[in-house]
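In: structure for this input, please:
(one chain, ligands or ions: 1)
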Amino acid sequence: MLTAVRAPRWINTGLSVAHGVADVIGLTVRFFHIVFGVAWIGAIMYSVGAVRRALARMDPAARKETMKHLIPVVTRYVPGSAAMTILLGAILYLYLGGFNPDALIGSDWGRILLVALVLALIAFGIGMVLGIGSAKKVLAHLQEESCAHGPEVGVLQKRFNLAQFIVLGLGLWILALMVIATEIH
Ligand code: HEM
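Out: Modelled structure (predicted):
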């Protein structure tokens, strides 16, 4: 069970104003961390909720053409926003924790964020190997002159969808941890 322990005073809240001056670094990193987090998990949510269903309603030729254009964009956009979310999150974590091990691993706040960091790295790994890896193989098949690997492509698409669901599930757990961490800070 989580105990709502207030962070000690030496934790830099990012919003505490030492001398009446706004903490621009903390706010800027927090802002961009949230922007990239929205870009990453929002893209997965949109893909699961809208793109996947729209593709299923297209005729095979239209679906193939759409995927040929979509995959090269997705395979750059999603890993890029995921990496930025994790990088900025880790920077924010170290910064708000004042680089102090007592705060970073010795407080509920720090341990919650550490769990979030591990979950985010797992989500990133699954997304890269199972999701992006499968998508790139699908693209290679789509670009073949006359591809006779329908069943293989079907398996790859299922793997891609599975990766999306896993990353979305982990992403929502991570988001919940973010809210709890901010709340007990
Ligand atoms: C799926 C990935 C992630 C998403 C969508 C995300 C999103 C967010 C959001 C929306 C907030 C603001 C929460 C609020 O104001 O209630 C936040 C805060 C924060 N996030 Fe993340 N985040 C993610 C991953 C990470 C990771 C991997 C770290 C690294 C430890 C991290 C570190 C932080 C920190 C330190 C804060 C500020 C907490 C505080 O104010 O006490 N985030 N994040």
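
In: what is the end-to-end distance of stretch 98-113?
Out: 14 Å (CA to CA, to the nearest Å).

In: now it: mean pLDDT?
Out: Per-residue pLDDT over stretch 98-113 has a mean of 97.

In: what about the longest helix in the protein?
Out: In the chain, with assignment by DSSP state H, the single longest helix is helix 60-96.

In: report whether that helix contacts the ligand.
Out: Yes: under the criterion of CB under 6 Å from any ligand atom, the ligand is reached by helix 60-96 at 85, 86, 89, 90, 92, 93, 96. (Each C-beta comes from the backbone N, C-alpha and C, glycine too.)

In: and the third one, what is it in contact with?
Out: Spelled out, that is residue 89. 33, 37, 113, 116, 117, 120 (CB atoms under 8 Å, 6 or more residues apart in numbering).

In: so which of those residues wins on neighbours?
Out: Ranked by neighbour count under the definition other CB atoms under 10 Å, the contacts of residue 89 are headed by residue 113 with 28 neighbours.

In: near the ligand, which residues of this structure?
Out: 33-34, 37, 41, 85-86, 89-90, 92-93, 96, 113, 116-117, 120, 171, 174-175, 178-179, 181-182, 185.

In: switch the cut-off to 5 Å
Out: Proximity of the chain to the ligand, by CB under 5 Å from any ligand atom, involves residues 34, 37, 41, 85-86, 89-90, 92-93, 113, 116-117, 120, 171, 174, 178-179, 181-182, 185.

In: where does this structure dip in pLDDT?
Out: 1-22 (pLDDT under 70).

In: go with 90
Out: 1-23, 143-153, 185 (pLDDT under 90).

In: and the helices in this protein?
Out: Using DSSP H, helices in the chain cover 24-46, 52-57, 60-96, 101-104, 108-126, 133-142, 150-184.

In: and the second one, what does it pack against?
Out: Just to be clear, that refers to helix 52-57. helix 60-96 (3 or more CB pairs under 8 Å, 6 or more residues apart in numbering; DSSP states H and E).

In: give the buried residues for the helix it packs on.
Out: Judged by neighbour count using 16 or more other CB atoms under 10 Å, the buried positions of helix 60-96 are 63, 67, 70-71, 74-75, 78-79, 81-82, 84-86, 88-89, 92-93, 95-96.

In: the inter-axis angle of that helix versus helix 108-126?
Out: Angle, helix 60-96 to helix 108-126, by axes from the mean of the first three to the mean of the last three CA atoms, to 10 degrees: 150 degrees.

In: roughly how far out does helix 60-96 sit from the chain middle?
Out: Relative to its chain's centre, helix 60-96 lies at 8 Å (CA atoms, centre = their mean, to the nearest Å).

In: what of stretch 127-139?
Out: The answer for stretch 127-139 is 16 Å, by CA atoms, centre = their mean.
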